[in-house]
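Student: only geometry, no sequence info:
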Ligand code: MN
């Protein structure tokens, strides 16, 4: 991933004299340096802004710097907002307004009118907030002391989200074949997705992949096989099946890397010339940060790669998921998530096993190798992006993942078990009402707040199903949103 940076622009004006401006400059420098040590990306102090020209020039520069993933603004003193209008109106990067102040406490003895003139963020940030509201600009507002760990966490999460925006705008998705026949929710307007989200979604022939597979050498397969052995427990004698998956992985990776693609999809209905659906191959590609969607689902594939990029270390614990079946015993209601093969090992609680089993669906001549494991427990989210016709809707549901309550010894795939919020059946009613897909991205390290911020930056509809959601409230919210998005 690129060496992304964020720019710190501090508002002031010339009214206070050079001494005050020098102090503001010195403090801004100190704050940027200290914050850069605790945040996931560097915060680069650019300017103490005093004029329309300075702000417009800095923002123009930010727009054209491909390493600048967003700007953070703060008004140490009062900074009259008319001088921000021209710059902000041209801003094309994510914006966070950090409403903070240098000092943590009001100094009882020291405070006098000079102190008051220097430390005016409490009203300076309100003037700044007005122009953001007046311009109707999408922005994140974080209030709190700049040395507070809660502020660091939220600012860090916002930075990761802004990197998710930069990643999305350059994302290329490789489709091997089309969508599964007759399926509605995996369809969508690829032109609209590119206009709104930046995704370049295009198709390559499965025949070309097979040609690439045939050119993979034994030495390449040996090397990847050794990597599988080092990461996973091999629980099958069918070495041929594992080697075949290695061949598929190497070929897909070569094709994606050649085109700069970070996500892919395929379908069991189109395996022309392949003897197995990629299982282990897709899983190990996901572990390396590539997005994946089954049955030609390019939207969930793209979202998987974006959530991975937004996660810890730029390749977090997020993966392609599908609600399969429920445990509806009173007081013990859970959803069982899995897929026919392709669950990302970043979701695993323990070291995954490589197994081979028969796969009845599709045209598999041979039994595909796949990673089998249980998912981690803990709070998580599931995410679905759907095309409503004329707009995209992002649905996020809070879930509580648990250690699967049953061993399910005959289930031949990786599995994750969870309780949807507010409770399983109400959560299902809400999800179905909002039109959420059967495919999702499940993430342990991206939060609902991050996805809300991402949707705001992308200017798409956002629906959050949480512990406080009721079907009545959701129904009226969706009705209002339908009207708003028709007007937009
Ligand atoms: Mn599926």
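Tutor: Perfect, thanks for sending it. Keep in mind that what you see is a predicted model, and the values were worked out from it rather than measured. Numbers count the residues shown, from 1 in each chain.

Student: residues from the protein in reach of the ion?
Tutor: Residues of the chain found near the ion, taking C-beta under 5 Å from the ion as the criterion, are 294, 295, 322. C-beta coordinates here come from the backbone N, C-alpha and C atoms, glycine included.

Student: Among the residues you listed, which lie within strands?
Tutor: Counting by DSSP state E, those place residue 322 in strands.

Student: got CSV for the residues of the chain next to the ion, with pLDDT and neighbour count too?
Tutor: Conversion of these to CSV gives the following (pLDDT from 0 to 100; neighbours: other C-beta atoms under 10 Å):
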residue, pLDDT, neighbour count
294, 97, 22
295, 97, 23
322, 98, 20
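
Student: mind checking how far stretch 80-97 is from the chain centre?
Tutor: On the basis of C-alpha atoms, centre = their mean, to the nearest Å, stretch 80-97 is displaced by 25 Å from the centre of the chain it belongs to.

Student: For that stretch, buried residues please.
Tutor: 80, 81, 83, 84, 87, 88, 91, 93, 94, 95, 96, 97 (16 or more other C-beta atoms under 10 Å).

Student: now stretch 190-204
Tutor: Buried, per 16+ other C-beta under 10 Å, within stretch 190-204: 190, 193, 197, 198, 199, 200, 201, 204.

Student: check contacts around the last one.
Tutor: Looking back up the chat, that one is residue 204. Residue 204 makes contact with 174, 175, 176, 255, according to C-beta atoms under 8 Å, 6 or more residues apart in numbering.

Student: Pull the most distant pair out of the residues you listed.
Tutor: Of all pairs drawn from those, the one with the longest distance (C-beta to C-beta) is 175 and 255, at 11.4 Å.

Student: Name all residues that make contact with the closest residue to the ion within the stretch 1-150 of the chain.
Tutor: Nearest residue of the stretch 1-150 of the chain to the ion (C-beta to the ion) works out as residue 1 at 28.2 Å. For residue 1, the contacting residues are 163, 167, 309, 314, by C-beta under 8 Å, 6+ apart.

Student: just residue 293 next, same as before
Tutor: Shown in contact with residue 293 (C-beta under 8 Å, 6+ apart): 186, 263, 265, 299, 300, 301, 302, 304, 320, 439.

Student: Let's see if you can find the most crowded of the residues you listed.
Tutor: residue 301 (32 neighbours; other C-beta atoms under 10 Å).

Student: For that residue, which three-state class applies?
Tutor: Recorded secondary structure, residue 301: helix (DSSP: H, G, I helix; E, B strand; the rest coil).

Student: ok, now the one 5 residues further on?
Tutor: Counting by three-state DSSP, the backbone at residue 306 sits in helix.

Student: you'd agree it is up against residue 170?
Tutor: No. In this structure, residue 306 is not within contact of residue 170 by C-beta atoms under 8 Å, at 10.9 Å.

Student: ok, these two, which is more surrounded?
Tutor: For residue 306 versus residue 170, the count of surrounding residues by other C-beta under 10 Å is larger for residue 306: 29 against 13.

Student: distance of the more buried one from residue 392?
Tutor: 13 Å (C-beta to C-beta, to the nearest Å).

Student: do the same with residue 142
Tutor: Distance of residue 142 to residue 392, given as C-beta to C-beta: 26 Å.

Student: and what of residue 256?
Tutor: Following C-beta to C-beta, the distance that separates residue 256 from residue 392 is 24 Å.

Student: for residue 347, same thing?
Tutor: Going from residue 347 to residue 392 by C-beta to C-beta gives 25 Å.

Student: what about those two, which has more around it?
Tutor: residue 347 (26 against 22).

Student: ok, that one - contacts?
Tutor: Counted by C-beta under 8 Å, 6+ apart, residue 347 has contacts 317, 318, 319, 321, 373, 375, 376, 414, 416, 442, 444.

Student: farthest-separated two in the residues you listed?
Tutor: Maximum distance among those (C-beta to C-beta): 15.5 Å, for 318 and 373.

Student: Of the two, which one has the most company?
Tutor: Comparing residue 318 with residue 373 by neighbour count (other C-beta under 10 Å), the higher total belongs to residue 318, at 31 against 21.

Student: just checking, that one touches residue 440?
Tutor: No. In this structure residue 318 lies outside contact range of residue 440 using C-beta under 8 Å: 10.3 Å.

Student: Identify the residues contacting the lowest-mean-pLDDT helix or strand in the chain?
Tutor: Using mean pLDDT, DSSP states H and E, helix 113-118 stands out as the lowest-scoring helix or strand of the chain, at a mean of 94. Applying C-beta under 8 Å, 6+ apart, the contact partners of helix 113-118 are 16, 20, 23, 24, 76, 77, 107.

Student: one more time with 6 Å
Tutor: With contact meaning C-beta atoms under 6 Å, 6 or more residues apart in numbering, helix 113-118 is reached by 16, 20.

Student: Who are the packing partners of the helix or strand following that helix?
Tutor: The C-terminal neighbour of helix 113-118 among helices and strands, as given by DSSP states H and E, is helix 121-134. When contacts are defined as 3 or more C-beta pairs under 6 Å, 6 or more residues apart in numbering; DSSP states H and E, helix 121-134 sits against strand 68-75.

Student: Filter the buried residues of stretch 80-97 down to the ones in strands?
Tutor: Mapping those onto strands (DSSP E) picks out 95, 96, 97.

Student: The second one against residue 73, yeah?
Tutor: If I follow you right, that is residue 96. No. Residue 96 is beyond contact range of residue 73, at 7.5 Å (criterion: C-beta atoms under 6 Å).

Student: Please identify the helix or strand for the closest residue to residue 253 other than its chain neighbours.
Tutor: In space, and not counting its chain neighbours, residue 253 is closest to residue 285: 6.4 Å by C-beta to C-beta, 6 or more residues apart in numbering. If you go by DSSP H and E, residue 285 is part of helix 280-287.

Student: Residue 175 and residue 255: which has the busier surroundings?
Tutor: When residue 175 and residue 255 are compared on other C-beta under 10 Å, the one with more neighbours turns out to be residue 175, at 22 against 19.

Student: Check whether the more buried one really touches residue 264, as I assumed.
Tutor: No. Residue 175 is beyond contact range of residue 264, at 7.1 Å (criterion: C-beta under 6 Å).

Student: neighbours around residue 482, how many?
Tutor: Neighbourhood size, residue 482 [other C-beta under 10 Å]: 13.
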